[in-house]
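*Asks:* Following is a predicted model, sequence given first.
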Amino acid sequence: MILVLGGTAEARELAGALHNRGIAVTTSLAGRVARPRLPAGEVRIGGFGGPDALASWLAEHAVSAVVDATHPFAERISAAAALACQAANVPLLRLQRPGWSERPGDRWAWVGDLAAAAATLPSLGERALLTTGRQGLASFARVESAWFLIRCVDPPQPPLPRHHELILDRGPYTLAGEGALIDRHRIDVVVTKDSGGEHTAAKLAAAHERELPVIVVRRPPRVAMETVRTVQAAVDWAAHAG
Ligand code: NAP
């Protein structure tokens, strides 16, 4: 059985492709989202309890290979997978979509983390579209000078910025939809992680059209491991490994 560490659109596509090929696949989800989009094949939900417990899980379930298709900002599960697969002697592949890159005319400010994004924001705008996800919003709680349109999948926990409105949505988003949202709320700065991929990229194009600044949080560094960028490459790898 192939274990896919999921929580991304690519992980869902991968599970579907493996399932269609008749390869047994189980997708693991953290359980953060109340009503996740479920992939084909088996699904298990919830943390494993750290690298040692994950290594035991791999052995107990006769896992032949693991594809870590988690989000580029999900650092702990990826580190745990690397340790667990080494301990259990199970092949591991990382499936990671490419990051976004600027086009001529883009006004992007790259920062190292959410705290740096919050520190940069007051110099760039007063009405922010904040799309960095539910976790880590506390970093923006002390920014008094800006109003925030916070968009995430499930309701976030406080502390949140004092001046804000919340939209619960999960995309994918369109250029027309993102442009209308930005115009309706008179957004003058966009804040995002460098998630990459198409599902959430329309806000960047909408900001580009309006010449708005975008604060982009850089991806965290990762341990080196065999990595592919496309679902098809991961399917090919898993078909051999499985
Ligand atoms: P994280 O910091 O790397 O993980 C925190 C803990 O959650 C892990 O130590 C693990 O618990 C558990 N976990 C995470 N992913 C898991 C998975 N696929 N299956 C089973 N347990 C998992 O991750 P995160 O940033 O909180 O993200 C959680 C999930 O949301 C990830 O699966 C990721 O793909 C998805 N996601 C994250 C982001 C983001 O911006 N971070 C965005 C979109 C989707 P144990 O230690 O108990 O095993």
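*Replies:* In hand now; what should we look at?
*Asks:* Quick check: buried residues in the lengthiest helix in the chain?
*Replies:* Selection of the longest helix in the chain by residue count, based on DSSP state H, yields helix 75-88. For helix 75-88, the neighbour count (16 or more other C-beta atoms under 10 Å) marks 77, 78, 80, 81, 82, 84, 85, 88 as buried. Placement of C-beta: from N, CA and C, glycine included.
*Asks:* now, among the residues you listed, which is nearest to residue 54?
*Replies:* Closest approach to residue 54 among these (C-beta to C-beta): residue 84, at 3.8 Å.
*Asks:* Now tabulate the buried residues of helix 75-88 in a markdown table and tack on pLDDT and distance to residue 65.
*Replies:* Below are those laid out as a markdown table (pLDDT from 0 to 100; distance: C-beta to C-beta, whole Å):
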| residue | pLDDT | distance to residue 65 |
| --- | --- | --- |
| 77 | 97 | 16 |
| 78 | 97 | 16 |
| 80 | 97 | 16 |
| 81 | 98 | 11 |
| 82 | 97 | 14 |
| 84 | 98 | 13 |
| 85 | 98 | 9 |
| 88 | 98 | 11 |
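*Asks:* out of the residues you listed, who's near the ligand?
*Replies:* Applying C-beta under 6 Å from any ligand atom, the subset of the buried residues of helix 75-88 adjacent to the ligand comprises 77, 80.
*Asks:* Need the buried residues of helix 75-88 in CSV (columns: distance to residue 195).
*Replies:* What follows is the buried residues of helix 75-88, written out as CSV (distance: C-beta to C-beta, whole Å):
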residue, distance to residue 195
77, 16
78, 15
80, 21
81, 19
82, 21
84, 25
85, 24
88, 30
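*Asks:* wait, which of the buried residues of helix 75-88 is closest to the ligand?
*Replies:* Lowest distance from the ligand to the buried residues of helix 75-88 (C-beta to the nearest ligand atom) belongs to residue 77, with 3.6 Å.
*Asks:* Report the contact partners of the closest one.
*Replies:* Contact partners of residue 77, counting by C-beta atoms under 8 Å, 6 or more residues apart in numbering, are 5, 30, 68, 70.
*Asks:* Could you identify which of those residues has the most neighbours?
*Replies:* residue 68 (27 neighbours; other C-beta atoms under 10 Å).
*Asks:* and it, what does it touch?
*Replies:* 5, 77, 78, 81, 92, 93, 94, 95, 225.
*Asks:* returning to that earlier point: for the contacts of residue 77, name the two members farthest from one another.
*Replies:* Largest pairwise distance in these, by C-beta to C-beta, is 12.7 Å, between 30 and 68.
*Asks:* Near the ligand, which residues of this protein are found?
*Replies:* So the chain meets the ligand at 5-8, 28-30, 32, 47-50, 54, 70-71, 73-77, 80, 133, 193 (C-beta under 6 Å from any ligand atom).
*Asks:* Please tell me how far the residue nearest in space to the middle of the chain sits from residue 121.
*Replies:* Residue closest to the average C-alpha location in the chain (C-alpha atoms, centre = their mean): residue 71, at 3.7 Å. Taking C-beta to C-beta, to the nearest Å as the measure, residue 71 falls 23 Å from residue 121.
*Asks:* which residues are in contact with stretch 194-204?
*Replies:* Residues from elsewhere that reach stretch 194-204 (C-beta under 8 Å, 6+ apart): 9-10, 71-73, 96-100, 106, 129, 131, 171-175, 177-178, 182, 190, 192, 214, 216-219.
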